[in-house]
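> Got a predicted structure here, sequence first:
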Amino acid sequence: MYTNRVMGDRAWGCGGERWLRGARDASCGGAHAAPAALCKCASAAKEWNRAHCRGSQSCDIGQKKKTVFVCCTLGYNTVNLFMSVPMPRAITASSPRKKKQKGTKQKKSVTLLITLIRTRVSISSRLQPVLARVRCLCWRPSCCAIWRESLDLSFILLYPDLHSDRLRRLRPSLGTQATSTPQRSRLAMADREGSQLWVEKYRPRKITDVTHQDQVVSTLQRAVTESAGRGELPHLLFYGPPGTGKTSTALALVRDLFGVQNLRARVLELNASDERGIKVVRDKIKTFAQTTVSNPVPAKHGDTRKYPCPAFKVVILDEADAITIDAQTALRRTMEAHSKVTRFILICNYISRIIGPLTSRCAKFRFNSIPMHAMMGHLKGIAKREGVDIADDTLRSLIETSEGDLRKAINTMQSAHRMHSMTKGSLDMDMISAVACLIPPRVLDMFDAKTAEVGLTNSEVRKVVDEIVMDGYSVSQLLSQYGDRLLKDDGCDGIRDMNDLQRSAVAVILADAEKGLNDGCDEKLQLYNVASKISRIAGMKDNVEGLLKIQAI
Amino acid sequence: MASDSLLWVDKYRPSSFDELSFHEDLTKRLRNLCSSNDIPHLLFYGPSGAGKRTRAGCVLKALFGPRADKKKVVHRVFKVGESSKQVEVTTVASSHHVEFNPSESGNNDRLVVQELIKDMASFAPIDMTSSNVSIKKSLKVIVLHEVDQMSRLAQQALRRTMEKYSRTCRIIMIAESVTRVLEPLRSRCLGIRVGLPTEGHIQSVLSGIAKREGVSLPEPLSKRLAQQSSRNLRRAILQFEATRVSVGGLDLPPGAPIMRGDWEYACNDAAILMTRSQSAQQLVHVRKRLQELLAHAIPPDVILRRLVENILNIADDEICPEICQLSAKFDRNLTNGTKPIFHLEAFAARFMQVYAQFLRSQAVMLD
C-alpha cells in the first residue's frame, strides 16, 4: 500500500533526511511540496514528535502512519499541528499492523478521523485548511477507497464550490449520496446566490474593482504588481466613515496578493465578533505572526503563477477601534519584530481611537465618503442586475438619506425590493423610508407645525409628542431629521418663520436632547422637553434675552 | 394542553398572519416578505404592548409552518476562554430557530454574541424530513429580544456576524426604541415599525376575547379599559382579565372598577402630595412613597415617567414647560447615576420649590 511504501518502518526521531524522502514521495510527486516547505515540515514534525512523546513512553510513533500523513500536510503552520494531535492518536490506536484486518479496521479509524475532524471543525474553523490538504494528498487513485469517500464528503462540506465538478467527474454517484447526509443543506447552500446579501454579493473581488478611492487603489495596485517576490508592502491603516469600502479593499488586496487558495493559510482576519483582548494578541496573533512562510507557497492549483504570493502573511484587524488600549499596546512590538513575515492591516472608523505608536507604524489611507454620482452609478448597476425597478429621483433621495454610506444604500434598496417584490410598480420614497427606519415627512410636518403654532397650550403640544412616541418612531431619528430641516428654508411653515437667532436656540436644544438620548434617557421625557422649548422659542421672535435664557438652561 | 391555566394575553396571542387584527398594511407587507423566496434580517421596533413579539412569531410560523411551534427551553452554559468564567443563557428553541435575550447576561453579553451567536449562525439547521428543501427552510433564525438593552460592544460584535453568515442564518431583532441600536446594525436590517394600536382597535380585540370567553363586556367599560391602558394592548387585556376576576361573575357591570397596579396608585399619590402643598414635612411623605416604590422593585425610570405624567395632568399649563425641562434633566442624572433614590428625591424637592414659586407669583398677580 501507498502508506507503507511511503513510510516503511522508519522511526520518527531518526532524522529529517529519511523522513523527508518519504514525505516527498507521498506528496503527489512533489508537485506542491517545495523543498523549503518540506524542510519546515520535517522540523515541525520533529517538534511535534518531541511534544507528543513527552507524556507516553511508547516509542512506536513510527507506526503511526496517519499521523505523518496529517503532519506533513500541515507544513508551515505549527498552530494547526498541535491542534491536530488528538486525531492521529485516535486513529493510530486502532491502526492495524497486519494486512488482513486492514479493510474493516481502517474503515473504522477513518470514520473516527472524520468525526473527529467534524467536531473539531465546529470548534475552530482553522482546521479547514488542514482538511483541505489531507484531502489533496488522498487524491491519488492508489489511496484507499474509504479514505477518499469519507473525506470527499467532509471536503464538500467545507469547500462546496471549489471541487464539486471535480468530484462529480470522479464519482458520479457521489452527488446524490452526499445529499442524503445531514450536511446537505449546507451543500445546497453553495448554489444559493439568491439568499445572499447584495452587499456581500457585489463586494469587489479585485483591487481594481474598488471604485472611487483612486488614490488608495493606485498605491495598493503598485504594491501588488511590484511586490512579487520582494514583499514591499508596509503596514496599512485604513480609516474613514462606514460604508466606504475599507474592509472590501483589504479583502480584495489579500485576494490579489495570494489568490483564493492560499487565503486561509496566509491571512488572519479578526473583527469585533472575535475575542481580541490582550490574551489573544499575545497568543493567537503573535503565534501567527511569528511563523514564517516560504516563497512561493506550495500551491496545488497553479495560483503561484497567477498571483504574486509574496513571502509574508497578513493580519487584518477589522473594526480596530474596538480593540482595548492594552491590547493595542501589546501589538506594538509584535508589529515591529515580525514585520518581515507579517504585515498588519488595521481598519477603523475613528483614527483617534488607535494609539499613536500604532498609527506611526502604518501607512495611513483615508477613505472618503463616496460622492453622489459614483453611488448613483453603482446602485444603478446593481438595480439593473437584480431587476429592481427604481426611478432616478427616488434613487437620489435614497442616496441623500444614506449620507455617503454605500453599504447602507445597498442594504436599504435590497430590503425595500424584498418587501415589495410582490407588488407591481417601482419603489417610491415611502417604501424606502419605511425600511430604513426614517421618519416620514408627514410626521415631521406635523411635529414642525404643532410646535411652532403660536397660542397652543403645552398640553396640546404634548399630545403630538405622545402620538409620535406611541407610534414607535425613533426619537433620535426625528431630532436629526428635524435638525436637517432647520438648515433649509424649504421646510414646513414652522421653521420657515423662525429667524436665525431662534434657529440657533433650537439647535442648542436639539444637541442637548441628542446627548441625553445617547446616554439612554427616556425618549418621551426628552421629547417633551424639546417640544415645549421649541414652542416657547417660536413665540418669542425678537426677544433676544428670552431666547438666551432658554438656551442657557 | 390546559389552555384554561393560560393568561388571556397568551391564550389569545395570534400565531399566524390571519389572526392579526390591526396594522393590516404591515401584515400584508410581512406576508409578502415571507412568501418570497428569502427574508432579510429584520428589526421590529415600537413601544411595548404593540405586538412586536407576536409579529415575529407570525413570521416564524409563516416561514417554517407548525414546526416552529414545537419549542423547548434549553439552558446553555459555556466557558469563556481559559478562565473559569461561565456564562449561562436560557434559550427557547425549535428545530429552526433559537430565541433568547442577550442583555440578560449583563456585562457578558458581548461574549454571548461572540461565542454563542457566532456558533449558532455558522451552522445551518439539519433538515431530514423533506427532500426538497427551499431556501428559507434551510435558514436558521435567531430571535434576539431587547436588542436596545445590549451593550455597545456586544452590538459591535454582531456587525460582521450578520454579514458573514448571511447564507445560513437570519437574525430577527426586537427592540423598544431604535435610538439605542447602533446605526451599522440598523442599516443591515429591514426595519419594521410596530406602532401601538388605536383605542378602537383595542376595544374590538377586547370584545373579541369577551365573546370567546363568554363574558359580557358593556361598551362603556371597554372604552374605559382602552383609555386607561394608554393604547398598550397587553395592558388592556391584563386589566380586562383582572377586572373579570375581581368582579367574579361573567356579567360585568358597566361601572366595574378597573384594576390597576398598586404602584400606579402610589405614583399618583406622590404626585398629588407634591402638588398639594410644598414644605419640608411634605417632602418627607413623598420620600417615603418613593422609597416604598423602589423597594417593590419598580424601575426608577418608570417611576419618574409616571410621576411626571401625573404632575403634568394636575399642574397648570403655564408651568408645564419648566416641569418638562426639570424632568429631562433629572432623567439624565438618573440614567448616568447609580443611586436612583437620590435623583428621584432631588426631582421631588426641585419640583416642589419651582411649583411653590409659581403659585406665589400667581397669587401676587391676583392681588
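Right, received. Where do you want to start?

> C-alpha from now on. contacts and neighbour counts both.
Will do.

> May I have the beta-bridge partners of A:T342?
Beta-bridge pairing for A:T342 (DSSP bridges): A:K313.

> B:L221: how many residues sit nearby?
For B:L221, the neighbour count with other Cα atoms under 10 Å in any protein chain shown is 19.

> Please apply the same query to the one 10 residues further on.
Here the count is done by other Cα under 10 Å, and B:R231 has 24 residues near it.

> Just list the residues touching it, thanks.
Contacts for B:R231 (Cα atoms under 8 Å, 6 or more residues apart in numbering or on different chains) come out as A:M470, B:L196, B:P197, B:T198, B:E199, B:I202.

> what do you get for A:E275?
B:L111, B:Q114.

> Can you give me the pLDDT of B:Q203?
Looking at B:Q203, its pLDDT reads 91.

> brain fart, B:A349
94.

> Figure out how far the worst-scoring helix or strand of chain B on mean pLDDT is from the centre of its chain.
The weakest-scoring helix or strand in chain B, judged by mean pLDDT, DSSP states H and E, is helix B:118-121 (a mean of 77). How far helix B:118-121 lies from its chain's middle: 26 Å, per Cα atoms, centre = their mean, to the nearest Å.

> so where's the stretch 201-350 of chain A shaky on pLDDT?
Scanning the stretch 201-350 of chain A for pLDDT under 70 picks out the ranges A:227-231, A:294-306, A:308.

> What ranges does it have for its strands?
Applying DSSP state E, counting those that start in this stretch to the stretch 201-350 of chain A gives strands spanning A:236-239, A:267-270, A:313-317, A:342-348.

> What residues does the stretch 251-367 of chain B have near chain A?
By Cα under 8 Å from any Cα of the partner chain, the residues of the stretch 251-367 of chain B that approach chain A are B:301, B:305, B:317-318, B:320-321, B:324-325, B:327-328, B:331-332, B:335-336.

> List the buried residues in the least confident helix or strand of chain B.
B:K118, B:M120, B:A121 (16 or more other Cα atoms under 10 Å in any protein chain shown).

> can the strands of the stretch 201-350 of chain A go into a markdown table with extra columns for mean neighbour count?
Formatted as a markdown table, the strands of the stretch 201-350 of chain A follow (neighbours: other Cα atoms under 10 Å in any protein chain shown):
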| stretch | mean neighbour count |
| --- | --- |
| strand A:236-239 | 24 |
| strand A:267-270 | 18 |
| strand A:313-317 | 24 |
| strand A:342-348 | 25 |
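
> any chance of those strands in JSON lines, with distance to B:A346 too?
Listed next are these as JSON lines, based on distance: least, Cα to Cα, whole Å:
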{"stretch": "strand A:236-239", "distance to B:A346": "45"}
{"stretch": "strand A:267-270", "distance to B:A346": "47"}
{"stretch": "strand A:313-317", "distance to B:A346": "47"}
{"stretch": "strand A:342-348", "distance to B:A346": "42"}
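
> Give me the neighbour count for A:D512.
Around A:D512 there are 15 other residues, counting by other Cα under 10 Å.

> mind checking pLDDT for it?
For A:D512, the model assigns a pLDDT of 88.

> Pretty sure it sits in a helix.
Yes: under DSSP: H, G, I helix; E, B strand; the rest coil, A:D512 falls within a helix.

> ok, so what distance separates it from A:Q526?
Distance, A:D512 to A:Q526, using Cα to Cα, to the nearest Å: 9 Å.

> Torsion angles phi and psi at whatever residue of the stretch 151-300 of chain A ends up closest to chain B?
Proximity of the stretch 151-300 of chain A to chain B (Cα to the nearest Cα) peaks at A:S273, 4.0 Å away. Per-residue torsions, A:S273: phi -80, psi 0 (degrees, to the nearest 10).

> doesn't B:L158 make contact with it?
Yes: counting by Cα atoms under 8 Å, B:L158 is a contact partner of A:S273 at 6.2 Å.

> Between those two, which is the more surrounded one?
Shown here are A:S273 and B:L158; by other Cα under 10 Å, A:S273 has more neighbours (25 against 22).

> Chain neighbours aside, what residue packs nearest to the more buried one?
B:A157 (4.0 Å; Cα to Cα, 6 or more residues apart in numbering or on different chains).

> For the one you found, identify the helix or strand it belongs to.
For B:A157, the host element (DSSP states H and E) is helix B:152-164.

> Off-centre distance for that helix?
The answer for helix B:152-164 is 23 Å, by Cα atoms, centre = their mean.

> and whatever helix or strand comes next after that helix, which strands flank it?
Next in sequence after helix B:152-164, counting helices and strands by DSSP H and E, comes strand B:169-175. When sheet partners are counted by DSSP bridges, strand B:169-175 sits next to strand B:42-45 (parallel), strand B:140-144 (parallel).

> so where's the chain shaky on pLDDT?
Using chain A. A:1-196, A:227-231, A:294-306, A:308, A:421-425, A:490-492, A:552-553.

> switch to chain B, that's the one I care about
For chain B, the stretches with pLDDT under 70 are B:1-4, B:37, B:81-84, B:123-137.

> OK, contacts around the residue nearest the centre of it?
Taking Cα atoms, centre = their mean, the centroid of chain B lies closest to B:S48, which sits 3.2 Å from it. B:S48 makes contact with B:E176, B:N232, according to Cα under 8 Å, 6+ apart.

> Pretty sure it sits in a strand.
No: read with three-state DSSP, B:S48 is coil and lies in no strand.

> From B:I202, how far off is it?
On the measure of Cα to Cα, B:S48 and B:I202 end up 14 Å apart.

> Would you mind splitting chain A into its domains for me?
Using the TED database, the domains assigned to chain A come out as A:200-297+A:306-366, A:372-436, A:441-552.

> Any idea how far apart the tips of the longest one sit?
The first and final residues of domain A:200-297+A:306-366 sit 22 Å from each other (Cα to Cα).

> try the shortest one
Between the opening and closing residues of domain A:372-436 we find a distance of 19 Å, counting by Cα to Cα.

> Tell me if that domain is near chain B.
Yes: under the criterion of Cα under 8 Å from any Cα, chain B is reached by domain A:372-436 at A:407-408, A:411-412, A:415-416, A:418-422, A:434-436.

> Let me know the closest of those to B:N313.
Using Cα to Cα, A:A434 comes nearest to B:N313 of those, at 33.6 Å.

> would that closest one count as being in a strand?
No: counting by three-state DSSP, A:A434 is not part of a strand but helix.

> what secondary structure does B:V87 sit in?
Classified using three-state DSSP, B:V87 is strand.

> isn't it right next to B:F78, touching?
Yes: counting by Cα under 8 Å, B:V87 does reach B:F78; the two are 5.6 Å apart.

> Show me what from the stretch 451-553 of chain A comes close to chain B.
A:457-459, A:469-477, A:516-522, A:525-526, A:528-529, A:532-533.

> Drop anything exposed from these.
Using 16+ other Cα under 10 Å as the burial test, these include A:458-459, A:469-477, A:516-517, A:520-522, A:525-526, A:528-529, A:532-533 as buried.

> how about the strands of the stretch 1-150 of chain B, start to end?
Using DSSP E, counting those that start in this stretch, the strands of the stretch 1-150 of chain B run over B:42-45, B:72-79, B:86-93, B:97-100, B:140-144.

> quick one: the third one near chain A?
Going back to what we said before, that points to strand B:86-93. No: contact between strand B:86-93 and chain A is absent, the nearest approach being 15.0 Å (criterion: Cα under 8 Å from any Cα).

> packing partners for that strand?
Helices and strands touching strand B:86-93, as assessed by 3 or more Cα pairs under 8 Å, 6 or more residues apart in numbering or on different chains; DSSP states H and E, comprise strand B:72-79, strand B:97-100.

> closest one to B:K28 among these?
Nearest of those (Cα to Cα): strand B:97-100, 22.9 Å.

> near chain A, anything from that closest one?
No: counting by Cα under 8 Å from any Cα, chain A has no neighbours in strand B:97-100; the shortest distance is 15.3 Å.

> residues making contact with that strand?
With contacts defined as Cα under 8 Å, 6+ apart, strand B:97-100 is touched by B:A68, B:V89, B:T90, B:T91, B:V92, B:A93, B:K140, B:V141, B:I142, B:V143, B:L144, B:H145.

> Alright, that wraps it up for me.
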